[in-house]
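Chemist: show me the folded form of this:
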Amino acid sequence: MNVYDAIRTKRAIRKFSPEPIPDEALLRILDAGRLAGSSKNTQPWDFIVIRDRERLRALSECGPWAGHLAGAAVGVALVTGDWRERWPVAFDLGRAAQNMMLTAHEMGIGSVIANIYDMDKAHALLQLPADKMCYAAISFGYPANPEDLKRPPRKSGRRPLEEVVHWEVW
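Modeler: Down below sits the predicted model:
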């Protein structure tokens, strides 16, 4: 699968089969995140791999739209320092997350990201150092319905290119 096709066909997968993700595939996904570019090559991330069912369930309660974490084969918590001190960190985390999710998609593994709203609960749950925070977590797993990986985008899901692109000036 080429990069453009991966971007074009990637779908948010929120329901997963119980099939485990092989370690080799998981390491490739994590390495894709590690290889993401970052502002001034700061690489402001750490990734916590979560397979424990109870920990995934508890993390799924840290955000109103994070319920999918409870059913994931693997959750990956994105951990960094306080992004408000260095705004590019949020952008850099997004780049790492997208690398991981596109790599998973290439291998037939579904994913979706969740924002973490209850950072104090996530901090305690993940036993983070005082200077670290978890802003988001990604669910990974084989889709409960494999056809979900191939479903077409919603007709109203994306603004047309000519509506979002401006040439030279607004």
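
Chemist: show me what contacts the residue lying closest to A144 once chain neighbours are set aside?
Modeler: Ranked by CB to CB, 6 or more residues apart in numbering and with sequence neighbours excluded, the top spatial neighbour of A144 is K15, at 4.2 Å. (C-beta placed from N, C-alpha, C; glycine too.) Counting by CB atoms under 8 Å, 6 or more residues apart in numbering, K15 makes contact with H68, G71, P143, A144, N145, D148.

Chemist: pull the number of nearby residues for the third one.
Modeler: Looking back up the chat, that one is P143. By other CB atoms under 10 Å, the residues close to P143 number 21.

Chemist: give the pairing partners of the top strand by length along the chain; include direction for each.
Modeler: When the chain is parsed with DSSP state E, its longest strand is strand 133-141. Sheet partners assigned to strand 133-141 using DSSP bridges are listed as strand 74-80 (antiparallel), strand 110-115 (antiparallel).

Chemist: quick check: F47 vs K150, distance?
Modeler: 28 Å (CB to CB, to the nearest Å).

Chemist: when those two are compared, which one has more neighbours?
Modeler: F47 (18 against 9).

Chemist: give me every residue that touches the residue nearest to that one when sequence neighbours are not counted.
Modeler: Leaving aside its sequence neighbours, F47 sits nearest to V76 (CB to CB, 6+ apart; 5.2 Å). Contact analysis of V76 by CB under 8 Å, 6+ apart lists I29, L30, G33, F47, I48, V49, I50, M100, A137, I138, F140.
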